[in-house]
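Undergrad: Give me the fold of what follows.
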Amino acid sequence: WASGPVCLLVASMLSIISAAGTWRLWNLWPLSFIRSKLSACEQLRHRLEQLSLVFSTQKAQSPTQLMRKANMLVSVLVDVALGLLLLSWLYSNDRIGQLANALIPGADLFIGTLLFTILIFLLPTTALYYLVFTLLRLLVVTVQGLIHLLMDFINSLPLYSLGLRLCRPYRLAAGVKFRVLEQEAGRPLRLLMQINPLPYSLVLCTYRLPSYGCHPKHSWSSLCCKL
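TA: Sure thing, here's the model as predicted:
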C-alpha cells in the first residue's frame, strides 16, 4: 500500500530535480565551465537518470527492462556503500592527517630547492617549476583516469543479474535439455527435463547497463602536445 505513494513522491522529486538540471542558466559561463570540469556533476546527472527510471510508476514492458531497473537500483546502492566505506576509512584513525604529514615534508622538494635555484639561474628555476608541476599534473590525470574507469565499470556491471545467475540460475534460462531416465522395451520412455542456465558471458552481454561516457576529458596525445 505504501510502495505506490512512495514511488510517486520520489519520482516527482526526481523529475523536479531533473527539470532544474535542464535550465539554461547552467549553460552560462562560469557555471558551464565548472560543470564541465567537475566529474561529480556528470556522476550526479547519471545517477538522477537512473533513479528516475527505477522509481518510475510506469510498469516494465518486458523482463529485460525489469532486470535493467533492478541492476540500476543495485548499482546505486553499491555506489553509495563504497562511498561511505571510503569516507569512513579516510576519517578513521586520522588517516587524512597522516597523508598531510607525509606530503608536507616533500612540499617544504620542493620550496627549499626552488628558492635555492632562483639564486643561481633563472632557467633551472623555470625548468624545475614546469617539471615538478607537469609530473604532478600527470599523476593527477592518471589517478583521475583510473577512478573514471572504475566508476564506469561499476555503473555498467549488472550486479543483480549476476547474483541471480549465481544463486538462482533457473531464473535466467537459455533453454532446456532432456536426459533419458528409463528406456525399456514395452514400457513408456521416461525423460528428465533440465534447465540450461544462461552463461555468465551472455548475462553480461544481455543485461549490461549502458555506459554514459564517464571517461577522462584528456588524452595522452593532447597532453604530450601540450608538454
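Undergrad: longest strand in this structure, by residue count?
TA: strand 173-182 (DSSP state E).
Undergrad: packing partners for whatever helix or strand E42 lives in?
TA: Secondary-structure assignment from DSSP states H and E places E42 in helix 39-54. With contacts defined as 3 or more C-beta pairs under 8 Å, 6 or more residues apart in numbering; DSSP states H and E, the packing partners of helix 39-54 are helix 3-21, helix 63-91, helix 122-156. Bear in mind the C-beta positions are built from the backbone N, C-alpha and C, glycine included.
Undergrad: how would you label R187: helix, strand or coil?
TA: Assigned with DSSP: H, G, I helix; E, B strand; the rest coil, R187 falls in the coil class.
Undergrad: and the longest strand of the chain, which strands flank it?
TA: Next to strand 173-182 in the sheet, as set by DSSP bridges, lie strand 190-197 (antiparallel).
Undergrad: tell me which residues in the partner strand are buried?
TA: Within strand 190-197, the residues that qualify as buried by neighbour count (16 or more other C-beta atoms under 10 Å) are P197.
Undergrad: do stretch 50-66 as well
TA: Under the neighbour-count criterion of 16+ other C-beta under 10 Å, stretch 50-66 has Q50, L51, S52, L53, V54, F55, S56 buried.
Undergrad: Repeat that for stretch 29-43.
TA: Across stretch 29-43, burial judged by 16+ other C-beta under 10 Å covers R35, E42, Q43.
Undergrad: By pLDDT, give me the weakest of these.
TA: Least confident by pLDDT among the buried residues of stretch 29-43: that is R35, with 72.
Undergrad: From I16, how far out is it?
TA: The span separating R35 from I16 equals 19 Å under the rule C-beta to C-beta, to the nearest Å.
Undergrad: tell me the average confidence for stretch 131-138?
TA: When pLDDT is averaged along stretch 131-138, the result is 87.
Undergrad: and what of stretch 94-107?
TA: 80.
Undergrad: could I get that stretch in PDB with only the CA atoms?
TA: Once side chains and other backbone atoms are set aside, the C-alpha atoms of stretch 94-107 remain, and they are given as PDB (Å, rounded to 0.1, in the frame of the first residue of the first chain):
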ATOM      1  CA  ASP A  94      43.200  10.200  11.400                       C
ATOM      2  CA  ARG A  95      44.400   9.000   8.000                       C
ATOM      3  CA  ILE A  96      43.800  12.400   6.400                       C
ATOM      4  CA  GLY A  97      46.200  13.900   8.900                       C
ATOM      5  CA  GLN A  98      48.700  11.200   8.200                       C
ATOM      6  CA  LEU A  99      48.600  11.800   4.500                       C
ATOM      7  CA  ALA A 100      49.000  15.600   5.100                       C
ATOM      8  CA  ASN A 101      52.000  14.900   7.400                       C
ATOM      9  CA  ALA A 102      53.600  12.700   4.700                       C
ATOM     10  CA  LEU A 103      53.200  15.300   2.000                       C
ATOM     11  CA  ILE A 104      54.300  18.400   4.000                       C
ATOM     12  CA  PRO A 105      58.000  17.500   4.200                       C
ATOM     13  CA  GLY A 106      58.100  17.000   0.400                       C
ATOM     14  CA  ALA A 107      56.500  20.300  -0.100                       C
END
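Undergrad: How many neighbouring residues does R68 have?
TA: Burial of R68, expressed as a neighbour count using other C-beta atoms under 10 Å, amounts to 23.
Undergrad: Surely it and L209 touch.
TA: Yes: A contact is recorded between R68 and L209 when judged using C-beta atoms under 8 Å, the distance being 6.8 Å.
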